[in-house]
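**Q** Okay, here's the prediction I keep looking at, along with the sequence it came from:
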Amino acid sequence: MPRLPPSLFWTARKQISPFAPLLLPVCRTLDSTANELRWIKEHVNSTPSPVPRKLRIWQDCLKRGERGMPLQYILGTQPFGPLEILCRPGVLIPRPETESIITHLTTLLPPTPTLKILDLCTGTGCIPLLLSSLLPPTTKAQTTGIDISPLAISLSRQNLLHNISLSHLPPSTSQQQQITFTQSDIFSPLFLPSLPYSPGELDILVSNPPYISPHGFNTTTERSVRLFEPKLALVPDAASLSWSKGYSCRPEDVFYARLLEIAGVLQPKRVLFEVGDLDQAARVAEMVVRGGGEGEGGGGGGGERELKAYAGTVEIWRDDPDVESEGEKESVWVDGGKVRVGVKGRGNGRGVYFWRKDQ
Ligand SMILES: C[S@@+](CC[C@H](N)C(=O)[O-])C[C@H]1O[C@@H](n2cnc3c(N)ncnc32)[C@H](O)[C@@H]1O
């Protein structure tokens with residue numbers, strides 16, 4: 001990382017605040033330093049405390065910011081659509097790209113009186129909570145979020161209560177929205193039999209799984225992410241890699257092989273997976289087109305990779321799938337150039353969406 005010139009520290013002190021030079025090495029630019037300080041100031045001002053305590057909060061925030069801790073862990077929250085998501089070290093901070101593709105998904109849903117939704121690798125619970133908050137009040141939804149991490153499950157439950165208390169979600173007693181969070185390992189052989197859905201019953205399967213390779217984690221991930229966010233949320237761990245030994249997929253794609261196995265058994269009406277970039281999106285789209293990953297099958301669920309119902313309905317979404325591209329429709333070719341998959345929106349490759357042909 002290039003060294004910052006001393007003059008920038010001087011400018012930061014002069015133009016922003018005497019505290020700005022503390023955060024500049026982490027924020028790297030004057031704009032982002034000014035933003036970070038503004039957010040900390042808003043947080044301190046909105047915390048009802050006597051002045052000496054407020055000063056201690058200031059000092060604490062600055063000290064943590066100086067070490068490179070993401071602001072969301074310092075302030076404790078992140079806006080996510082109409083929600084306020086509580087963030088704690090040990091659980092991944094929800095990203096705006098996730099909010100964007102999940103919001104787009106809700107615009108594609110036909111009006112329906114009931115919906116069954118399953119979110120695998122739920123983290124803070126941001127995806128099921130956002131989906132629930134955006135559904136029309138006339139839809140009765142049963143939503144489940146699953147994660148291997150007890151810390152994530154505890155936080156997702158707190159997030160449910162927190163957003164009910166802020167009236168961003170209807171009360172838990174409401175018959176319209178039933179949201180539950182459960183701890184489970186999606187690679188466990190007991191996972192699929194434990195799910196309460198018969199084939200075809202699930203309306204939406206969604207997941208933002210760990211999708212970074214161990215090499216990518218060490219070389220391309222931002223320092224603050226590497227140092228402060230949980231590796232379990234970002235990189236497939238040893239257990240998932242050992243499950244995938246029968247498949248010839250890349251280490252960073254292992255979760256998609258398993259998720260497609262789960263989709264093959266559950267036959268959800270609509271499926272959306274978040275991915276890291278356009279190359280990964282094309283590999284995942286290819287797995288769908290070919291009926292799963294290549295190979296003999298992993299040691300895990302023993303589910304059939306029956307994805308024929310989705311052939312020909314796969315799409316790749318960019319960060320902003322709402323934005324219509326001008327001119328010719330963009331696409332990528334998969335399966336040795338035999339199958340064309342449309343790409344929609346603007347930004348990085350971010351999602352792979354497919355739906356059952358009978359929908
Ligand atoms: C990329 S994070 C996504 C979190 C959240 N859905 C979001 O979009 O912010 C991936 C999540 O997968 C969870 N995870 C990792 N391995 C898992 C497994 N074998 N079974 C279930 N969840 C797992 C991690 O704990 C982490 O919360």
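**A** Looks like it came in fine.

**Q** For the residue of the stretch 1-150 of the chain found nearest the ligand, list the residues it contacts.
**A** For the stretch 1-150 of the chain, the residue closest to the ligand is Gly123, as judged by C-beta to the nearest ligand atom, at 2.5 Å. C-beta coordinates here come from the backbone N, C-alpha and C atoms, glycine included. Shown in contact with Gly123 (C-beta atoms under 8 Å, 6 or more residues apart in numbering): Val91, Leu92, Pro94, Asp147, Ser149, Ala152, Leu155, Ser156, Asn208, Ala233.

**Q** if we look at the ligand, which of those residues are close to it?
**A** Leu92, Pro94, Asp147, Ser149, Ala152, Asn208, Ala233 (C-beta under 6 Å from any ligand atom).

**Q** now whatever helix or strand Ala257 lives in: how far from the chain's centre is it?
**A** Element membership of Ala257 [criterion: DSSP states H and E] is helix 254-266. Averaging C-alpha positions (C-alpha atoms, centre = their mean, to the nearest Å) puts helix 254-266 17 Å from its chain's average.

**Q** ok, and for that helix, which residues are buried?
**A** 254-266 (16 or more other C-beta atoms under 10 Å).

**Q** could those residues be laid out in a markdown table, adding distance to Lys116?
**A** Output for these, formatted as a markdown table (distance: C-beta to C-beta, whole Å):
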| residue | distance to Lys116 |
| --- | --- |
| Val254 | 26 |
| Phe255 | 22 |
| Tyr256 | 22 |
| Ala257 | 24 |
| Arg258 | 20 |
| Leu259 | 17 |
| Leu260 | 19 |
| Glu261 | 19 |
| Ile262 | 14 |
| Ala263 | 14 |
| Gly264 | 17 |
| Val265 | 15 |
| Leu266 | 10 |
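
**Q** Between the residues you listed, which sits nearest Arg223?
**A** Phe255 (24.3 Å; C-beta to C-beta).

**Q** Enumerate every residue touching the closest one.
**A** Cys121, Ile186, Ser207, Pro209, Pro210, Tyr211, Pro236, Ser240.

**Q** related to what we said a few turns ago, quick one: average pLDDT of the helix holding Ala257?
**A** In this model, helix 254-266 has an average pLDDT of 95.

**Q** Report whether that helix contacts the ligand.
**A** No. Applying C-beta under 6 Å from any ligand atom, one finds helix 254-266 separated from the ligand by no less than 7.4 Å.

**Q** Can you pull up the residues of the stretch 1-150 of the chain that come close to the ligand?
**A** So the stretch 1-150 of the chain meets the ligand at Leu92, Pro94, Thr98, Cys121, Thr122, Gly123, Thr124, Cys126, Ile127, Asp147, Ile148, Ser149 (C-beta under 6 Å from any ligand atom).

**Q** Out of the residues you listed, which sit inside strands?
**A** Asp147 (DSSP state E).

**Q** now the residues of the stretch 1-150 of the chain next to the ligand in JSON lines, with pLDDT?
**A** Listed next are those as JSON lines, based on pLDDT from 0 to 100:
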{"residue": "Leu92", "pLDDT": "97"}
{"residue": "Pro94", "pLDDT": "96"}
{"residue": "Thr98", "pLDDT": "97"}
{"residue": "Cys121", "pLDDT": "98"}
{"residue": "Thr122", "pLDDT": "98"}
{"residue": "Gly123", "pLDDT": "98"}
{"residue": "Thr124", "pLDDT": "98"}
{"residue": "Cys126", "pLDDT": "98"}
{"residue": "Ile127", "pLDDT": "98"}
{"residue": "Asp147", "pLDDT": "98"}
{"residue": "Ile148", "pLDDT": "98"}
{"residue": "Ser149", "pLDDT": "97"}
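
**Q** Backbone torsions only: list them for whatever residue of the stretch 251-359 of the chain ends up closest to the ligand.
**A** Residue of the stretch 251-359 of the chain nearest the ligand, by C-beta to the nearest ligand atom: Glu274 (6.6 Å). Note on Glu274: its backbone torsions stand at phi -80, psi 140 [degrees, to the nearest 10].
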